[in-house]
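A.B. asks: Have a look at this prediction, sequence included:
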Amino acid sequence: MGIEGESVVFMREGVSIAFYMSAPHDEFAPALLRSLERYRRAIEPQHLHWYWNCYTGDWPELDSGGEADLRKRILGSSCFIEVTELAHSATGVAFRYHGRGRGSVGFRQDYPESACTAEFRLPTEFLDERGPEWIRTLAIDLGRELPWNSGHAGLSLETHVWPKTLTPRLREVTRRHPGFDLNQLDRLALYLGSKVRAPAWLTFLGPPVLNELGGAEGLRSRLHSPSTQVEALSPDRAVVSLGPAPEAGDLEAGDTLPAYRELARVLEPWLYAHKGAWGDFTEAEVRQWERRFL
């Protein structure tokens with residue numbers, strides 16, 4: 001699609017690295033800022049150029065004044081930001097975050113299952129140019145200082161906007177290729193709580209779920225796929241790798257991603273179940289998609 005002579009992409013395939021934290025934003029704001037800086041160095045020569053002003057709805061340029069504003073927002077008591085390569089189009093380069101701090105008492109009473117949600121996006125070209133091991137190392141590094149309870153990294157559909165005309169294409173891809181995630185941080189920030197999302201190529205597990213599984217050793221004993229690896233990152237946190245690289249799967253060709261399904265069965269008691277619609281998907285469609293590996 002074009003706007004005033006410029007090409008606009010509403011949706012594109014990419015890689016999503018996301019972390020979910022029950023801790024209040026103000027407890028780890030400096031660590032979040034450092035993670036963002038690591039991400040910005042890693043994506044060079046591509047850069048973040050625009051950020052969303054949640055108060056005005058505008059997209060100011062990330063110039064010196066924008067950088068100062070961005071830093072101030074991240075180090076504040078609560079933070080809602082989106083920083084992208086292009087303000088009008090999905091390019092595969094973006095950082096999104098929703099987090100509330102300890103001062104949001106009334107909000108936490110109304111939304112007791114709220115969480116702080118962070119997503120770092122990469123273009124799929126990075127898989128070929130830099131390799132999946134580079135992405136795996138980056139994902140672990142981005143989450144190194146964050147107090148995440150869960151997280152994931154893998155193939156994902158980036159939707160810059162979600163008009164109704166895009167829904168048929170989203171249905172087609174998500175129903176045929178279960179390895180593609182579809183992330184809606186604003187909804188997860190309200191309702192995820194201590195639940196975990198469906199497995200991805202990399203699935204990060206921390207408290208309380210990993211503890212209830214018996215730690216990394218207990219989780220490892222339940223997974224038997226030869227392509228699956230469980231790596232302990234600390235006494236109470238681990239990452240599960242489902243093969244050497246992310247896979248989309250193809251149900252029409254019989255590629256059902258068995259390693260993903262095995263992990264989903266293990267995690268089923270803790271899997272997040274969204275209530276209500278999500279984007280332009282009905283609640284029934286959302287539930288079918290969330291349980292695509294079961």
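C.D. replies: Structure received.
A.B. asks: ok, Thr245 - how many residues close by?
C.D. replies: Quick fix: residue 245 reads Ala, not Thr. 15 (other Cβ atoms under 10 Å). Bear in mind the C-beta positions are built from the backbone N, C-alpha and C, glycine included.
A.B. asks: And it, how far from Ser227?
C.D. replies: Distance from Ala245 to Ser227, counting by Cβ to Cβ, to the nearest Å: 10 Å.
A.B. asks: now the stretch 51-200 of the chain, which segments are flagged as low pLDDT?
C.D. replies: 160-163 (pLDDT under 70).
A.B. asks: which helix is the longest one in the protein?
C.D. replies: If you go by DSSP state H, the chain has its longest helix at helix 29-42.
A.B. asks: and that one, how far from the chain's centre?
C.D. replies: 16 Å (Cα atoms, centre = their mean, to the nearest Å).
A.B. asks: Phe293 contacts Pro258, correct?
C.D. replies: No - counting by Cβ atoms under 8 Å, Pro258 is not a contact partner of Phe293; they are 9.5 Å apart.
A.B. asks: Settle it for me: which of those two has more neighbours?
C.D. replies: Phe293 (22 against 14).
A.B. asks: Ignoring the adjacent residues along the chain, who's closest to the more buried one?
C.D. replies: Leaving aside its sequence neighbours, Phe293 sits nearest to Ala264 (Cβ to Cβ, 6 or more residues apart in numbering; 3.5 Å).
A.B. asks: Wasn't the one you found part of a helix?
C.D. replies: Yes - counting by DSSP: H, G, I helix; E, B strand; the rest coil, Ala264 is located in a helix.
A.B. asks: and it, what pLDDT?
C.D. replies: Per-residue confidence (pLDDT) for Ala264: 97.
A.B. asks: likewise Phe19?
C.D. replies: In this model, Phe19 carries a pLDDT of 98.
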